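*Asks:* got a predicted structure plus its sequence, pasted below:
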Amino acid sequence: MPTWTNWAGNQKSRPVIIENPSSEIEVCEVVKRAVNNKQRVKVVGSGHSFTGIAVPDEVMIDLTRLNSVVNVDHVNGLVSVQAGIVLSDLNAQLELHQLSMPNLGDVTYQTLAGALSTSTHGTGLQRTGLAAQMHAFRLVTALGDILVCDAHQNTEVFHCGRVSLGALGVITEVTLRVVPAFNLRAVEQPMRISDVLNNFPQLIEDNDFFEFYWVPHTKWALTKANNVSTDAIDSPSRFATWYNKMFLENYAFGMLCRIGRLFPRLIPKLATIIPSSGRVEYVNVSHRIFSSKRLVKFYEMEYSIALDSLVPALQEVMQMVEDRGFTISFPVEVRCTGSDDIPLSTSTGRRSAYIAVHMFKGCEYGEYFSAVEMILRKYEGRPHWGKIHNLNANDISSLYPEYQRFIEVRNQLDPEGVFTNDYLRRVLGR
Ligand SMILES: Cc1cc2nc3c(=O)[nH]c(=O)nc-3n(C[C@H](O)[C@H](O)[C@H](O)COP(=O)(O)OP(=O)(O)OC[C@H]3O[C@@H](n4cnc5c(N)ncnc54)[C@H](O)[C@@H]3O)c2cc1C
């Protein structure tokens, strides 16, 4: 069997068999066969998780062929799609129907089910992560049953399964609440980090979608303020778009990272180039503004903390980077979302700020990530399920008020651990 590798290249495995079902019935057959053969099953999305959450060890299910739109209900704002659809394809399909996801993360390479299963999120205090947009889903369980889960049927599975870590079974179809298509006005500009932190509450209240990147070794942050706009699309010329999004964010930044990897001592000097990108303002369809292409490969850790803790927590991280003398070529990303009620959502029960740290692929990240993790744990930080962290079930159970509720649903649906793997054993206890 070919080796499976995730996007970042830090997770690899050689599954015993790779299955490519093209229907829900075929998914049931694959699961039943695996159970009869006493094999574990792992559905793999686009492999965009940095943790071992998607690592298949025996039967790997690839849902690439389950990628269609099943139903569009304009009246109720609901769209049903097969779970293997990639977010960029979903966005294109929604645009054809003049609909849109209310919010997205910063890339769209992930499958829908993969993104939902790890509590993937973007930014924006008035919005939530993607999973809170779920209206219903269909799940193939370890017993080979097909459960329809929504607010009326299998309600406990619905409540817990919106962020499932892939531990409850195979999601084959998802019904999402969507909104009419909307444009965003994007303003991207460098600001002094002190100004961003002093005005953070205002910036996240005044803008629909605000995020920033603190540039280590400088006093600067790159900010992105996106606001819903009724203005017509007014994007820069193709060249300007290519220059900002491809040349600066990918090729030039990638070159800085490569030089920094060879000569780490140059990183603080190189970092001063990053905030000189200038101000850009443009209007485009929301999904084209939310997400960009990411050609520079990296490793990432991201923690969610209560929104009010953002400023002191980030200040501690900034101080720690200086005190420890780390040389970091990747900016530290900060986002925020509203709260939701999903047991394993990283923003369950609290308005959340997210602090994400990155390291260029091929560079040692362990010490830096652990030092950041130690700070964010003091703030009851919850690690992103798909991004590197060192926590185990014991640590995690106290961070989620409804952790045990999820565990009980899992015990009922998958008592033998058909859908488990090493990562799930670590964070769920078996
Ligand atoms: C460049 C890059 C940018 C990113 N940006 C963001 C961001 O902006 N915001 C954010 O929150 N995260 C972000 N992430 C993390 C990413 O969104 C998550 O790790 C996401 O889970 C990846 O989706 P995937 O399709 O690759 O799923 P995988 O990583 O392949 O799988 C993740 C989990 O989903 C499960 N799964 C997949 N399909 C199914 C199914 N049909 N049924 C049941 N379980 C299933 C898998 O078994 C596994 O447990 C980013 C990652 C990268 C590499």
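*Replies:* Arrived safely. Numbers count the residues shown, from 1 in each chain.

*Asks:* who touches whichever residue of the stretch 201-350 of the chain sits closest to the ligand in this structure?
*Replies:* Ranking the residues of the stretch 201-350 of the chain by distance to the ligand (CB to the nearest ligand atom) places Arg294 first, at 4.2 Å. Any C-beta I mention is one placed from the backbone N, CA and C, and that applies to glycine too. By CB atoms under 8 Å, 6 or more residues apart in numbering, the contact list for Arg294 reads Asp106, Val107, Tyr109, Asn250.

*Asks:* just the pLDDT for the first one.
*Replies:* Same thing as Asp106. At Asp106, the model reports a pLDDT of 95.

*Asks:* quick check on Thr155: phi, psi?
*Replies:* The phi/psi pair for Thr155 (degrees, to the nearest 10) reads phi -70, psi -30.

*Asks:* so how far is Asp340 from Leu147?
*Replies:* 22 Å (CB to CB, to the nearest Å).

*Asks:* ok, back up a step: quick check: the farthest pair among the contacts of Arg294?
*Replies:* Greatest spatial distance among these (CB to CB): Tyr109 and Asn250, at 13.9 Å.

*Asks:* the more surrounded of those two?
*Replies:* Neighbour totals were compared for Tyr109 and Asn250, and Tyr109 leads with 18 against 15 (other CB atoms under 10 Å).

*Asks:* and the more buried one, which of the three is it?
*Replies:* Three-state assignment for Tyr109 (DSSP: H, G, I helix; E, B strand; the rest coil): coil.

*Asks:* what's near enough to touch it?
*Replies:* Each residue near Tyr109 by CB under 8 Å, 6+ apart is listed here: Trp7, Ser46, His48, Val86, Leu87, Ser88, Arg294.

*Asks:* now swap in Phe326 and tell me
*Replies:* With contact set as CB under 8 Å, 6+ apart, Phe326 has these partners: Pro216, Glu367, Tyr368, Ala371.

*Asks:* so of those residues, which ones are in helices?
*Replies:* When DSSP state H is applied, the contacts of Phe326 are split such that Glu367, Tyr368, Ala371 fall in helices.

*Asks:* tell me the contacts of the first one?
*Replies:* The reference is to Glu367. Arg324, Phe326.

*Asks:* the ligand versus that one, what's the distance?
*Replies:* 22 Å (CB to the nearest ligand atom, to the nearest Å).

*Asks:* tell me how far that residue lies from Arg324.
*Replies:* For Glu367, the distance to Arg324 under the criterion CB to CB works out to 8 Å.

*Asks:* can you check the second one too?
*Replies:* Here the distance between Tyr368 and Arg324 works out to 8 Å (CB to CB).

*Asks:* more neighbours: which of those two?
*Replies:* Neighbour tally, Tyr368 and Arg324, criterion other CB under 10 Å: the higher count belongs to Tyr368, 23 against 10.
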